[in-house]
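Novice: here is a sequence together with a model predicted from it:
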Amino acid sequence: VMTPPWGISALKEFCVTEEDAVNPGTILDRMRNFIKTTLVSDSNFPIDDGMDMTICCFDFATMEMHYAIANQTAFIIRDGKAITLKGDKMPVGRYVIEKEHFTSQTISLQKGDTVYCFSDGIQDQLGGELSNEIGDKFLRKNLLSFLQANSGKPLETQCQLLDQTITKWRNGRQQVDDMTLVG
């Protein structure tokens, strides 16, 4: 969902064929190889850097979505109910327990489905009661509840409502991370 500037450049380079759209895991594989060969350390300590990412490729003729997920979760809201899309529990980059390839998956879509991909920033926002100095995290379950309750509204309205909900949740606290959600 969110990528550093070097990630955007690599992503544009690696998404080039129709085969990539059917097998988005290969895009994540290429991205990982790019990161591993580009971010090389001159010292004896390897650079552990990477990113969490979700890639969705839509085939509207067949009403299918091909996707690959690196260290994230995405949701489809269908008739107010959530379908959780899980991927590989490893980032795009160097990782201690690394699988050889990222998994490409396919799911059938229905008219009216809304697909949501997001960074961890919304669920990690600190807020709640001011008596708790640090604050509590907003959490994925609260984001999911919000999406289920509001998925039938226009996306622009959802964006405004989510912004209001998070601002109220933070209760005057500073934003702690980027907040990215694509619907």
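Specialist: Thanks, I have it.

Novice: drop to CA atoms for contacts and neighbour counts, all remaining ones
Specialist: Will do.

Novice: look up how far Asp124 lies from Thr114.
Specialist: Distance of Thr114 to Asp124, given as C-alpha to C-alpha, to the nearest Å: 23 Å.

Novice: for Cys56, same thing?
Specialist: Counting by C-alpha to C-alpha, the gap from Cys56 to Asp124 is 23 Å.

Novice: cool, Thr37 as well?
Specialist: 31 Å.

Novice: which of these two has more residues huddled nearby?
Specialist: More neighbours sit around Asp124 than around the other of Thr37 and Asp124, counting by other C-alpha atoms under 10 Å; the figures are 18 against 10.

Novice: quick check: that one touching Met179?
Specialist: No - proximity of Asp124 to Met179 does not meet the contact threshold set by C-alpha atoms under 8 Å, at 9.0 Å.

Novice: all helices for the protein, in order.
Specialist: Remark: helices of the chain, listed N- to C-terminal, are 5-14, 18-22, 24-38, 140-150, 155-170; assignment by DSSP state H.

Novice: by mean pLDDT, point me to the weakest helix or strand of this structure.
Specialist: In the chain, the helix or strand scored least confidently by mean pLDDT, DSSP states H and E is helix 5-14, which has a mean of 58.

Novice: quick one, what contacts Leu109?
Specialist: Going by C-alpha atoms under 8 Å, 6 or more residues apart in numbering, Leu109 touches 63-65.
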